[in-house]
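S.K.: quick one, fold the following:
(2 chains)
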Amino acid sequence: REDGGRVQNCGTFGVLQEIFGSISTADGSALVKLGNTTVICGIKAEFAAPPTDAPDKGYVVPNVDLPPLCSSRFRSGPPGEEAQVASQFIADVIENSQIIQKEDLCISPGKLAWVLYCDLICLDYDGNILDACTFALLAALKNVQLPEVTISEETALAEVNLKKKSFLNIRTHPVATSFAVFDDTLLIVDPTGEEEHLATGTLTVVMDEEGKLCCLHKPGGSGLTGAKLQDCMSRAVTRHKEVKKLMDEVVKSMKPK
Amino acid sequence: FWGAAAVSLQRSAHPLLCYVAHVTVGLAQNFLPEWTLLGDTSVLAGVYGPAEVKVSKEIFNKATLEVILRPKIGLPGVAEKSRERLIRNTCEAVVLGTLHPRTSITVVLQVISDAGSLLACCLNAACMALVDAGVPMRSLFCGVTCALDSDGTLMLDPTAKQEKEARAVLTFALDSVERKLLMSTTKGLYSDAELQQCLAAAQAASQHVFRFYRESLQRRYSKS
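M.R.: Sure, this is the predicted structure:
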């Protein structure tokens, strides 16, 4: 795989860097640096039987890991609350935005489907983990190449053709924008670790390219008026454009396999 | 010194955006309040505190707030953890923790039945339980759920069936003083304008909820 990396200064946002294909053993991967916060996403594709209530769908299983490596506030052991909340958030974003059609992951209805295990590991925690995880996931999914699978008639077993690989069909590009709220007067975009710690509340908006909102995640904290929310939406729209541009540039710069 | 309260909250949704519910309140000593199960969403909330806190969890200048949400069946999972975090942050914004430093206030929520709008019901139950326990708060809060179906019609407090068929389900927590948005969590795709519409509708509906809080508390304290 060829690596492609770009650095872009997104105005008032932290510097966003992306590197595709950093993990050679994974089917798709991406490393995202948002300011100091670094998240790496690795996607492994495996076979599984599709769920009985939806026999033509595959699975996407996200998992966010915040190891003690990234920050002194996390201990080793079972995933803490922050990691669980982030995992649930990423699962919601995948579900709500329909980033990939689960039907695309089906190989043979009722018998075999792909399951994509998305592991997001934070390497450096400096705030704004949700934004970084969403970018990493999106970039990694764009990087995933699935081999062609045929079910042979005689043995009814799957035959994998590793030479013929195809990219996933990414339908929408959800981009997350996080804000730190201070006493319902001040809003800071893309907060660092220190700003998040001192904030009285946070707000994350996930928007796709048509301006539709996939997720408005505001876990408590001080109140916001409707006008302030409107402000946040317009920022989110600008942010989406910038990130999309960066991602397109990186994809173009990658040498075709 | 500890105080406790148990509140059982039910609600039934009318298509005319009317909010009708019954509440029965029981005291903590005999933790068996009676409630009538109508097959609607019902959540039992208990508040313990301000009480002793473990040294590892203690915060020197304010109270440590903990929320435990138990689902009706099965073990609590990642989704419950996520909801607990939402409810906890909402309570933290409202509870005057600085009046009780180095203590813990625990809110325990048990789902009795789920017929849609569960998170909003949990929020309402938590608020009533905090009031009943006498925990100092700077305002009350309430939870309201909005559902948008495929042709853009708005429904408040949807049932489980409506939630499943809806294009988007938005849950808001609003405070009682200025109807500001304290917490929001959404599912599905919707546009900016629809968000503002839902928020306005939720703010209007929250009046009914706050009036209901006032009436039920009046009823409780007029008996004893």
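S.K.: residues of chain A that sit close to chain B?
M.R.: Contact residues (C-beta under 8 Å from any C-beta of the partner chain) of chain A with chain B: A:81, A:84-85, A:87-89, A:92, A:95-98, A:184, A:200-201, A:208, A:211-226, A:229-230, A:233. C-beta coordinates here come from the backbone N, C-alpha and C atoms, glycine included.
S.K.: let's check: the centremost residue of chain B is which one?
M.R.: Residue closest to the average C-alpha location in chain B (C-alpha atoms, centre = their mean): residue B:123, at 0.9 Å.
S.K.: helix/strand/coil for that residue?
M.R.: helix (DSSP: H, G, I helix; E, B strand; the rest coil).
S.K.: which residues touch it?
M.R.: Residues in contact with residue B:123 (C-beta atoms under 8 Å, 6 or more residues apart in numbering or on different chains) are B:87, B:90, B:141, B:142, B:143, B:173, B:183.
S.K.: which residue is the nearest non-sequential neighbour of residue A:142?
M.R.: The shortest distance from residue A:142 to any residue other than its chain neighbours is 5.7 Å, reached at residue A:170 (C-beta to C-beta, 6 or more residues apart in numbering or on different chains).
S.K.: so which bits of stretch A:145-161 are buried?
M.R.: A:146, A:149 (16 or more other C-beta atoms under 10 Å in any protein chain shown).
S.K.: pLDDT on that stretch, on average?
M.R.: Stretch A:145-161 shows a mean pLDDT of 79 in the predicted model.
S.K.: and stretch A:224-233, by the same measure?
M.R.: 83.
S.K.: show me what from chain B comes close to chain A.
M.R.: Residues of chain B lying near chain A (C-beta under 8 Å from any C-beta): B:78-79, B:81-82, B:84-93, B:170, B:173, B:175, B:178, B:180-192, B:195-196, B:199-200.
S.K.: quick check on those: which are buried?
M.R.: Here, 16+ other C-beta under 10 Å leaves B:78, B:81-82, B:84-93, B:170, B:173, B:175, B:180-192, B:195, B:199 buried among these.
S.K.: where along chain B do the strands fall?
M.R.: In chain B, the segments counted as strands under DSSP state E are B:3-13, B:19-20, B:23-26, B:41-51, B:64-70, B:104-113, B:141-148, B:154-156, B:168-175, B:181-188, B:190-191.
S.K.: to residue A:158, which of those lies closest?
M.R.: strand B:181-188 (34.1 Å; C-beta to C-beta).
S.K.: with just CA atoms, put that closest one into PDB.
M.R.: Output of strand B:181-188 as PDB, limited to C-alpha atoms (Å, rounded to 0.1, in the frame of the first residue of the first chain):
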ATOM      1  CA  LEU B 181     -31.500  23.100  25.800                       C
ATOM      2  CA  LEU B 182     -29.700  21.200  28.400                       C
ATOM      3  CA  MET B 183     -29.200  17.800  26.700                       C
ATOM      4  CA  SER B 184     -30.000  16.500  23.300                       C
ATOM      5  CA  THR B 185     -29.500  13.100  21.600                       C
ATOM      6  CA  THR B 186     -30.800  12.200  18.200                       C
ATOM      7  CA  LYS B 187     -31.300   9.200  16.000                       C
ATOM      8  CA  GLY B 188     -31.700   9.400  12.200                       C
END
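S.K.: contacts for that strand?
M.R.: A:92, A:95-96, A:213, A:215-226, A:229, B:86, B:89-90, B:93-94, B:119, B:123, B:141, B:148, B:166-175, B:199.
S.K.: again, only this time at 7 Å
M.R.: A:92, A:96, A:215-220, A:223-224, A:229, B:86, B:89-90, B:93, B:119, B:141, B:166-175, B:199 (C-beta atoms under 7 Å, 6 or more residues apart in numbering or on different chains).
S.K.: can you find which helix in chain B contains the most residues?
M.R.: helix B:192-223 (DSSP state H).
S.K.: tell me the angle that helix makes with strand B:181-188.
M.R.: On the basis of axes from the mean of the first three to the mean of the last three C-alpha atoms, to 10 degrees, helix B:192-223 is oriented at 130 degrees to strand B:181-188.
S.K.: what strand or helix carries residue A:70?
M.R.: Using DSSP states H and E, residue A:70 maps to neither a helix nor a strand.
S.K.: look up how far chain B lies from it.
M.R.: 19 Å (C-beta to the nearest C-beta, to the nearest Å).
S.K.: right, and that residue touches residue A:123 too?
M.R.: Yes - contact criterion C-beta atoms under 7 Å: residue A:70 and residue A:123 qualify, at 5.9 Å.
S.K.: which one of the two has more residues nearby?
M.R.: Using other C-beta atoms under 10 Å in any protein chain shown as the criterion, residue A:70 and residue A:123 rank with residue A:70 on top: 19 against 13.
S.K.: which residues does residue B:155 contact?
M.R.: When contacts are counted by C-beta under 7 Å, 6+ apart, residue B:155 touches B:147, B:162.
S.K.: so how far is residue A:204 from the closest residue to residue B:150 other than its chain neighbours?
M.R.: In space, and not counting its chain neighbours, residue B:150 is closest to residue B:167: 5.1 Å by C-beta to C-beta, 6+ apart. Separation of residue B:167 from residue A:204 (C-beta to C-beta, to the nearest Å): 21 Å.
S.K.: more neighbours, these two?
M.R.: Shown here are residue B:167 and residue A:204; by other C-beta under 10 Å, residue A:204 has more neighbours (22 against 16).
S.K.: you'd agree the more buried one is in a helix?
M.R.: No - checked against three-state DSSP, residue A:204 lies outside a helix; its state is strand.
S.K.: is it true that residue A:169 lies in a helix?
M.R.: No - read with three-state DSSP, residue A:169 is coil and lies in no helix.
S.K.: right, and residue B:67 touches residue B:107 too?
M.R.: Yes - counting by C-beta under 7 Å, residue B:107 is a contact partner of residue B:67 at 4.8 Å.
S.K.: overlap of the contact sets of these two?
M.R.: residue B:91.
S.K.: higher neighbour count, those two?
M.R.: Neighbour totals were compared for residue B:67 and residue B:107, and residue B:107 leads with 27 against 23 (other C-beta under 10 Å).
S.K.: burial of residue A:46, as a residue count?
M.R.: 11.
S.K.: need the three-state assignment for it.
M.R.: Three-state call for residue A:46 (three-state DSSP): strand.
S.K.: quick check, pLDDT for it.
M.R.: 89.
S.K.: that one bridge partners, please.
M.R.: residue A:115 (DSSP bridges).
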